[in-house]
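Peer 1: give me the fold of what follows.
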Amino acid sequence: MDAARGLAFLSFGAVLFASPASDAGGARQILKTRCLPCHGAKAQMHGLRLDRRADALRGGESGVPAVTPGSSAESLLIKYVSGLDKDVVMPPVGARLTADEIAVLRKWIDGGAEWPALADSGATAAVVRKPSEHWAFQPVAHPAVPKLDDAW
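Peer 2: Got it, this is the predicted structure:
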């Protein structure tokens, strides 16, 4: 009976790790570590931003979508990271993406390229704000004490 339980546990684990949610998580991690330093909230080289779905679907300066949900074969992201375009190779410096990383991105795009709900909701606006705009970096002010009509 213990072997059957162990097999059921392993089967459940295989289903869990093969789910689209885990593909999205893997793709997000690859984008975060390998793409967002140049195409994220702080920098948008060639006008491309990959941390928000709407921007990735819009594309950069070329106007061609970087990601085509449901079709990794048509996605510029895959074309560039896999080396299919000899003129544009991403990332331009450092180690290239591995075949496994490219496979994760392909599977994520073919599965619809889902982003987390917060990515397009504007909830990231506080993160994008300049640090100098934070209240802690503002000059100390001495506002006037309000006058009360009633002294209790």
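Peer 1: A54 in helix, strand or coil?
Peer 2: helix (DSSP: H, G, I helix; E, B strand; the rest coil).
Peer 1: neighbours of it, just the number please.
Peer 2: 10 (other C-beta atoms under 10 Å). C-beta coordinates here come from the backbone N, C-alpha and C atoms, glycine included.
Peer 1: what residues of stretch 65-76 count as buried?
Peer 2: Buried residues in stretch 65-76, counted by 16 or more other C-beta atoms under 10 Å: 65-69, 72, 75-76.
Peer 1: those residues in helices, which ones?
Peer 2: Using DSSP state H, the members of the buried residues of stretch 65-76 that fall in helices are L76.
Peer 1: which one of the buried residues of stretch 65-76 is nearest H142?
Peer 2: A66 (50.1 Å; C-beta to C-beta).
Peer 1: quick check, pLDDT for A14.
Peer 2: pLDDT recorded at A14 is 38.
Peer 1: do E133 as well
Peer 2: 76.
Peer 1: cool, and A144?
Peer 2: So A144 comes in at 89 (pLDDT).
Peer 1: ok, now F9?
Peer 2: 39.
Peer 1: so which residue is dead centre in this protein?
Peer 2: Among the residues of the chain, the one closest to the centroid is D51, at 3.7 Å (C-alpha atoms, centre = their mean).
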